[in-house]
Structure formats: structure tokens, C-alpha cells
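Asks: Predicted model follows, preceded by the sequence.
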Amino acid sequence: MTTPELTRRHVHQRLHDTYQAFISCTTGLSEADLDALAITSEWSALDILRHLSVWGELSARTLANWHGQQNWVLRSAVLDDFNAEMVAERADKHLNEVVDHILAAYGQYASTLLECSDEELQERTIAPWDEDLNRMELIYGILAHDLHHLREIQKFRSQSA
């Protein structure tokens, strides 16, 4: 996802908004509550959080190793199949561990925004979802993804209340 004229401040605000949505949609719910909240015919709210943790981990690794040798790009993967596999693989992960992975990714996004120069933020690479992006576009894109799913959880949570 390419958004024109992304600024460090704009991406920081998106991180803040996404973090607030994360807190809002999980506060007061137990692991059992999240697992019982059906978002799609296949996934519960807990599964959605597991999904976010997968993509957060891949994105955080990409940012941490921007010029590294490891390639986190899923070029040959069919995304729907990959998503289903990764969520199924994390089915035994408890909520605390899932939350830790998501928050660690958000921490990496914040560190990148704080520590990189303007020039470094504009350096390009291929995101895990096989799109050529700079650091700010990658962070903004993954946060847009997370925010979309978190708003889904909020919607279903409010409907079930």
C-alpha cells in the first residue's frame, strides 16, 4: 500500500491509533471470550489476533534486518493458505503470548520511526507480502492491516454485548 506524503508523524499517529484500537478491543475479555467471539466462519477474535501476530512478526523482522541476508518475502505462498496455516500453527499459543508478539512488533515499528534517519526511512525493500516499500510505507501498511482487523473485532464485540 503506497500512501503519498507519509511523514514520520503521520505513521506515528497510525501506530498510536492502532495500539489504542488493540487495547480497546481486548480490554476486559478473557482468552475464552476472544475464542468464543466468531469474526468469520473460520476465525474467532483470538484467531484474528494470532493472524496479526504472524504478520507483525514478519514485518518486525523485516524492519530489524532491513539490509540483512534473511528474506522474509512470501513470494510463492498463496496468502489465504499461508494465513490459514500460520493461524492453525499458533492455535496452541495462549493470549498472553499472542499479545506479547503483537506488542513486540509495535515496539519495533516505534523504534524504527525513532531511530532511523529520514533517508533511512525512505530506503526501499520488498515487504513480506511481496510489495516494494520504504520503511514508513511498510509500517503504515501493516498498521492499516491491523487496524482493519481490530475494528472488525470491535464491531463484533459491540454487536455481541
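Replies: That came through fine.

Asks: Extract the C-alpha trace of stretch 86-100 and format it as CSV.
Replies: Coordinates of the C-alpha atoms in stretch 86-100 are reproduced here as CSV (Å, rounded to 0.1, in the frame of the first residue of the first chain):
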residue,chain,number,x,y,z
MET,A,86,0.0,-19.9,10.3
VAL,A,87,-3.1,-19.3,12.5
ALA,A,88,-3.6,-23.1,12.8
GLU,A,89,0.1,-23.4,13.7
ARG,A,90,-0.4,-20.9,16.5
ALA,A,91,-3.6,-22.4,17.8
ASP,A,92,-1.8,-23.6,21.0
LYS,A,93,-0.5,-20.1,21.7
HIS,A,94,-2.1,-18.5,24.7
LEU,A,95,-3.4,-15.0,24.6
ASN,A,96,-0.5,-13.6,26.7
GLU,A,97,2.0,-14.9,24.1
VAL,A,98,0.0,-13.6,21.2
VAL,A,99,-0.3,-10.2,22.9
ASP,A,100,3.5,-10.2,23.5
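
Asks: max-length helix in the chain?
Replies: Among the segments of the chain that qualify as a helix by DSSP state H, the longest is helix 135-160.

Asks: can you pull the buried residues of it?
Replies: 135-143, 145-147, 149-150, 152-153, 156-157 (16 or more other Cβ atoms under 10 Å). All C-beta atoms are positioned from the backbone trio N, CA, C, and that covers glycine.

Asks: Local confidence estimate at the closest residue to Ala110 other than its chain neighbours?
Replies: Nearest residue to Ala110 in three dimensions, chain neighbours excluded: Leu15, at 6.2 Å (Cβ to Cβ, 6 or more residues apart in numbering). Looking at Leu15, its pLDDT stands at 98.

Asks: Next, count neighbours for Leu15.
Replies: Using other Cβ atoms under 10 Å, Leu15 has 21 other residues around it.

Asks: Next: Ala32.
Replies: Residues near Ala32, counting by other Cβ under 10 Å: 10.
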